[in-house]
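Chemist: Give me a 3D structure for the following:
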Amino acid sequence: MEEFSLMTLLAVFEEMFGRGLFWAMVAVAVIVTLGYVYVLVRDRAMSMRKFLLAQLSMPVGGVAAVAFVMMMTNSGFADIGGPIDWIVLLGVFVAGAVGFAILVYVIQSLVRGKEADI
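Modeler: Model prediction:
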């Protein structure tokens, strides 16, 4: 690979996950992000109680993201070769954890509505 571009990255992800699943994941990420922006604008503040519960759910999202990628790539932990594999796996864990926390916050805000912090 002589040069690295966004199109190359998109092609790699489409090959790894399949075109339909990849774009479905992108659509879900966009919907969750728009939901997060909506609840922040609607509530005009972040609820620290909801934020704490969202943070407590982060390990679940991280483990789920790593398990999902391992399943999609037909890999196991025995296949991890070098430091770059660990860095990528850590990045997947962090992205899954943050994404899941945002999802949990949005769901709590939409279900419970605006509530006063104590």
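
Chemist: Show me what the lowest-mean-pLDDT helix or strand in the chain is packed against.
Modeler: Least confident element among the helices and strands of the chain, by mean pLDDT, DSSP states H and E: helix 6-17 (a mean of 87). When contacts are defined as 3 or more C-beta pairs under 8 Å, 6 or more residues apart in numbering; DSSP states H and E, helix 6-17 packs onto helix 19-43. (C-beta placed from N, C-alpha, C; glycine too.)

Chemist: ok, residues contacting the least confident helix or strand of the chain?
Modeler: Residues from elsewhere that reach helix 6-17, judged by C-beta atoms under 8 Å, 6 or more residues apart in numbering: Met1, Phe22, Met25, Met72, Thr73.

Chemist: Select the longest helix from this structure.
Modeler: helix 83-112 (DSSP state H).

Chemist: same question for that helix, mean pLDDT?
Modeler: Averaged across helix 83-112, the pLDDT comes to 93.

Chemist: what's the answer for stretch 50-59, then?
Modeler: Average pLDDT, stretch 50-59: 95.

Chemist: Please check the contacts of helix 6-17 and keep the buried ones.
Modeler: With burial judged by 16 or more other C-beta atoms under 10 Å, the buried subset of these is Phe22.

Chemist: pLDDT-wise, what's the bottom of the contacts of helix 6-17?
Modeler: Across the contacts of helix 6-17, the bottom pLDDT score, 56, is held by Met1.

Chemist: just to revisit the earlier point, which members of the contacts of helix 6-17 are the farthest-apart pair?
Modeler: Within the contacts of helix 6-17, two members stand farthest from each other by C-beta to C-beta: Met1 and Met25, at 23.4 Å.
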